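J.: Turn this into a model:
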Amino acid sequence: MKRLELEVSKREVTGKKVRFLRREGIVPANIYGHGVDSTAINVDAKSLKHLLAHAGMTDLISLKIGDSKNPLRVLVREVQKNPLTDDLLHVDFYQVKMTQKIKVDVPLVFVGEAPVLKKVKNSSILHLIDSLHIEALPDDLPHSLEVDVSHLEETNQAIHIKDIPLGHGITLLSDPEQMAVKVIEARKEVEEVPVEAAVAEEVAEEAEEAAETKAEPSKEE
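T.: Just a heads-up that it's a prediction; the model follows:
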């Protein structure tokens, strides 16, 4: 994957005043980490949106603050968005130590075509988990882990966590006996009840209020 880089600047504006930053195309963010003082920063909304389209929660990012010649190595820890407009409200970056292992959840990507879907009528593949809890050095963290379903040929057949190949230097923290995928009888989808517009708008307002509070520099984790 291409090296991920982002230029940011230190932020003086805090609290509810950060809403004015968003109107100018700036997203308030924080940098924090173990043994690191929390730092409030400004990030260009367009550059941040482009970065987040390529970076997962386990991808290392080189964060350059102002004129500093030594970029910080960080992970995206939390992203807050307006649920109505999908606009970015706030982002937390976690500064890592390259020699210290870190625990993260890595997303699973399901690949291949299961023969059972063609052989057995009304069969379906049930995805029971969507990530694995692992521990590794920052440089060994994978963007995602693949689960190959191409050998699923019968109903009730399953893939367990222990069957998923891990990369170099990765320690599995999830239960290895837990099922990740299972072939089952197809079920009718339950129709979702649409959310009323008024309720959605209220949720959006609460999200923005929470983001404004989050924009205050947080204490060491």
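J.: neighbours around Lys101, how many?
T.: 16 (other Cβ atoms under 10 Å). Heads up, the C-betas are built off the backbone N, CA and C, glycines and all.
J.: ok now do it, which residues does it touch?
T.: 135-137, 171 (Cβ atoms under 8 Å, 6 or more residues apart in numbering).
J.: Quick one: distance of stretch 50-62 to the chain centre.
T.: Distance, stretch centre to chain centre, for stretch 50-62: 9 Å (Cα atoms, centre = their mean, to the nearest Å).
J.: now swap in stretch 61-76 and tell me
T.: 19 Å.
J.: Ok, stretch 86-97 next?
T.: 10 Å.
J.: Going by neighbour count, which residues of it are buried?
T.: 88-96 (16 or more other Cβ atoms under 10 Å).
J.: Widest-spaced pair of the residues you listed?
T.: Leu89 and Val96 (23.9 Å; Cβ to Cβ).
J.: Please state the mean pLDDT value computed over stretch 15-23.
T.: The pLDDT scores in stretch 15-23 average 86.
J.: For the residue positioned nearest the centre of the chain, which three-state class applies?
T.: Taking Cα atoms, centre = their mean, the centroid of the chain lies closest to Met57, which sits 3.9 Å from it. Under DSSP: H, G, I helix; E, B strand; the rest coil, the three-state class of Met57 is coil.
J.: From what I see, Lys10 and Val43 are in contact.
T.: No - counting by Cβ atoms under 8 Å, Lys10 stays clear of Val43, with 11.2 Å between them.
J.: So which residues of this structure form strands?
T.: Applying DSSP state E to the chain gives strands spanning 4-10, 26-33, 36-44, 61-65, 72-81, 88-95, 102-111, 123-127, 131-136, 145-148, 158-160, 171-172, 179-185.
J.: Including mean pLDDT and distance to Leu52, could the ones you listed go into JSON lines?
T.: Shown next, in JSON lines, are those (pLDDT from 0 to 100; distance: least, Cβ to Cβ, whole Å):
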{"stretch": "strand 4-10", "mean pLDDT": "93", "distance to Leu52": "10"}
{"stretch": "strand 26-33", "mean pLDDT": "94", "distance to Leu52": "10"}
{"stretch": "strand 36-44", "mean pLDDT": "91", "distance to Leu52": "10"}
{"stretch": "strand 61-65", "mean pLDDT": "94", "distance to Leu52": "10"}
{"stretch": "strand 72-81", "mean pLDDT": "94", "distance to Leu52": "7"}
{"stretch": "strand 88-95", "mean pLDDT": "95", "distance to Leu52": "8"}
{"stretch": "strand 102-111", "mean pLDDT": "96", "distance to Leu52": "14"}
{"stretch": "strand 123-127", "mean pLDDT": "93", "distance to Leu52": "24"}
{"stretch": "strand 131-136", "mean pLDDT": "98", "distance to Leu52": "17"}
{"stretch": "strand 145-148", "mean pLDDT": "96", "distance to Leu52": "20"}
{"stretch": "strand 158-160", "mean pLDDT": "97", "distance to Leu52": "30"}
{"stretch": "strand 171-172", "mean pLDDT": "97", "distance to Leu52": "27"}
{"stretch": "strand 179-185", "mean pLDDT": "94", "distance to Leu52": "26"}
